[in-house]
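*Asks:* Give me a 3D structure for the following:
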Amino acid sequence: MMNGVFEVAPRLAEAEADVQALVESAMEPMLGVRFLATEYSTGPVHGGRIDSLGLDENGSPVIVEYKRATDHGVLSQGLYYMAWLTDHRDEFQALVRERLGATAASAVLWSSPRLICIAGDFTRYDLHAVREHRRSIDLVRYRLFGEHHIALETVATGVAPGRPAHPRGRARAGCGQAARRQAGAIAELAAVVDEVLRGLGEDVTKVVRKQYDAYQRLRNFACVTGRQDKLLVYLKAAPVDVDLVPGFTRDVTGLGHHGTGDLEVQLRSEKDVERALELFRQAYAAA
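*Replies:* Sure thing, here's the model as predicted:
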């Protein structure tokens, strides 16, 4: 100890179950995933148990597998359970209905189920395989500090094939030339925002929902939705830490909106995107 400050050395868990218990106790703030079940049996045919099952912020099913240290089988085991999950959609949705209600069950997004592997470390073969697989996979390294603290670090992310982005602001049949021009301008602005958000890091993935596009690392950091004359970006950032500018940024804490995040940013031009860039970076870093 020096001047009242203690150095706490990082360490691995004594047992895999210790890691699992810590993550499951706070899965939503850690991973952006609502906890559904632990040690979920895949039945007598498959003969396995999924460590953790959950549902992320965008409605995507999530499998979480844990290993105490480095384990060559963590990725193959997780992919085996992913195959089981996609073959048992009705069973999973029944579980969601039981734990989270009918609304959540009806909104499960099967286009992008996710696998999160949390381990002491990974082999170079794991890192390569994640980038080759066309699946949403996150390899996350953990370290324990003391008895009750855990640090998570994403070391590799695999991206599932994305669906075409849904049209934004498309003019209806019979609309005038001015409306078509405006719709085209918003679509171009959406493309710029997409490029900027994806460009924040190689670990950024995009999830397309009917109401919004979500950009995430382990958790969402930005959700984008369109209006006739602007784009609205909802960021995972604390509005109290931002100098709010009327017509540009707004605190939407407690207000209903599509996507996640308490800070609303209104974009009408590429100049607004430049103004918002630092806010985008802060939300990305926090995720």
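
*Asks:* So which elements touch the helix or strand harbouring E153?
*Replies:* Secondary-structure assignment from DSSP states H and E places E153 in strand 149-158. On a contact count with 3 or more CB pairs under 8 Å, 6 or more residues apart in numbering; DSSP states H and E, strand 149-158 meets helix 16-25, helix 27-31, helix 124-132, strand 136-145. For the C-beta atoms, the positions are set from N, CA and C on the backbone; glycine is no exception.

*Asks:* Which positions within the helix or strand bottoming out on mean pLDDT in the chain qualify as buried?
*Replies:* Ranking every helix and strand in the chain by mean pLDDT, DSSP states H and E puts helix 43-46 at the bottom, with a mean of 79. When burial is assessed from 16 or more other CB atoms under 10 Å, helix 43-46 yields no buried residues.

*Asks:* Name the residues that touch that helix?
*Replies:* Y80, W84 (CB atoms under 8 Å, 6 or more residues apart in numbering).

*Asks:* Next SSE downstream of that helix?
*Replies:* Following helix 43-46 in sequence, per DSSP H and E, is strand 49-56.

*Asks:* Please put the alpha-carbon coordinates of that next one into PDB.
*Replies:* C-alpha atoms of strand 49-56 as PDB (Å, rounded to 0.1, in the frame of the first residue of the first chain):
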ATOM      1  CA  ARG A  49     -26.200 -27.500 -21.500                       C
ATOM      2  CA  ILE A  50     -25.900 -23.900 -22.800                       C
ATOM      3  CA  ASP A  51     -24.100 -21.800 -20.100                       C
ATOM      4  CA  SER A  52     -26.300 -18.700 -20.500                       C
ATOM      5  CA  LEU A  53     -29.200 -17.800 -22.700                       C
ATOM      6  CA  GLY A  54     -30.300 -14.200 -23.200                       C
ATOM      7  CA  LEU A  55     -31.900 -11.600 -25.500                       C
ATOM      8  CA  ASP A  56     -30.000  -8.500 -26.500                       C
END
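
*Asks:* quick one, which of the helices and strands packed on strand 149-158 is nearest to E264?
*Replies:* Nearest to E264 among the helices and strands packed on strand 149-158 is helix 27-31; the distance by CB to CB comes to 21.5 Å.

*Asks:* which residues touch the residue nearest the centre of the chain?
*Replies:* The centroid of the chain falls nearest to R219 when counting by CA atoms, centre = their mean (3.5 Å). Neighbouring residues of R219 by CB under 8 Å, 6+ apart: L31, G32, D56, E57, K236, A287.

*Asks:* can you do 10 Å?
*Replies:* E28, P29, M30, L31, G32, V33, D56, E57, K236, T260, A286, A287 (CB atoms under 10 Å, 6 or more residues apart in numbering).

*Asks:* list the contacts for R11?
*Replies:* Contacts of R11 by CB under 10 Å, 6+ apart are G120, R143, L144, F145, G146.

*Asks:* make it 6 Å
*Replies:* The contact partners of R11, by CB atoms under 6 Å, 6 or more residues apart in numbering, come to L144.

*Asks:* where does it land on pLDDT?
*Replies:* Listed pLDDT for R11 reads 93.

*Asks:* Show me what it is bridged to.
*Replies:* On the basis of DSSP bridges, R11 is bridged to L144.

*Asks:* Against A69, how distant is it?
*Replies:* 11 Å (CB to CB, to the nearest Å).

*Asks:* quick one, helices of the protein?
*Replies:* Ranges of helices within the chain are 16-25, 27-31, 43-46, 74-87, 89-100, 102-106, 124-132, 177-198, 270-286, based on DSSP state H.

*Asks:* Relative to the whole chain's centre, how far out is the third one?
*Replies:* In terms of CA atoms, centre = their mean, to the nearest Å, the gap separating the centre of helix 43-46 from the centre of its chain is 30 Å.

*Asks:* Also the fourth one?
*Replies:* Centroid displacement of helix 74-87 relative to its chain, using CA atoms, centre = their mean, is 19 Å.

*Asks:* Likewise for the fifth one?
*Replies:* Between the mean C-alpha location of helix 89-100 and the chain-wide mean there is a distance of 20 Å, by CA atoms, centre = their mean.
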